[in-house]
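Participant: here you go, sequence then predicted model.
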Amino acid sequence: MLRSISWTELGFFLALAYGAYYSTLLLIFYGRKLLLKKTLRTPPGADLPAGSAGELLSAIDQRIRSASERRLNRQELIMALHLVLQNSGPITGQTSEINRFIQASTEKYCSIAFTDAELRMVWEGLR
């Protein structure tokens with residue numbers, strides 16, 4: 001029955017079948033994760049305003065994205081954000097906007113929703 005098929009053709013067909021099978025499995029189990037990684041590759045701070053506030057938000061955005069990639073826990077993320085704010089110099093009158101940005105970014109990239117108490121910990125000793 002299979003006398004008209006060479007070993008090379010059979011090997012090619014089996015490799016193609018295995019490739020299709022495992023590609024399907026990857027898409028079923030990891031498809032969402034692969035698609036999300038593609039959307040996260042936008043340059044950090046691409047949609048942020050210019051100027052010192054924009055630079056601060058860009059630095060916060062970069063730190064949150066790197067925390068997401070390194071899978072930092074909640075406490076480590078609070079400490080990393082505290083260091084970004086500490087190194088940025090004096091911040092006046094923009095804390096509520098920065099807090100909203102931090103909350104939105106951490107929920108988007110790290111799936112962590114900060115409480116008001118945790119946001120106060122980020123700002124502790126800076127005001």
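Facilitator: Looks like it came in fine.
Participant: got any ranges where the protein has weak pLDDT?
Facilitator: 1-2, 34-52, 92-93, 127 (pLDDT under 70).
Participant: which parts of it are helices?
Facilitator: 7-39, 52-70, 74-87, 95-105, 116-123 (DSSP state H).
Participant: orientation of the longest one relative to helix 52-70 in degrees?
Facilitator: Using axes from the mean of the first three to the mean of the last three C-alpha atoms, to 10 degrees, the inter-axis angle of helix 7-39 relative to helix 52-70 is 140 degrees.
Participant: and what of the shortest one?
Facilitator: Using the same axes, to 10 degrees, the direction of helix 116-123 lies 110 degrees away from that of helix 52-70.
Participant: please apply the same query to the fourth one.
Facilitator: The directions of helix 95-105 and helix 52-70 differ by 30 degrees, with the same axes, to 10 degrees as the criterion.
Participant: dump the helices of the chain into JSON lines; add mean neighbour count as well.
Facilitator: All C-beta spots, glycine's among them, are computed from the backbone N, C-alpha and C. Shown next, in JSON lines, are the helices of the chain (neighbours: other C-beta atoms under 10 Å):
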{"stretch": "helix 7-39", "mean neighbour count": "10"}
{"stretch": "helix 52-70", "mean neighbour count": "17"}
{"stretch": "helix 74-87", "mean neighbour count": "16"}
{"stretch": "helix 95-105", "mean neighbour count": "16"}
{"stretch": "helix 116-123", "mean neighbour count": "15"}
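Participant: return the distance of stretch 105-125 from the chain's centre.
Facilitator: 15 Å (C-alpha atoms, centre = their mean, to the nearest Å).
Participant: how long is it end to end?
Facilitator: Taking C-alpha to C-alpha, to the nearest Å, stretch 105-125 runs 23 Å from one end to the other.
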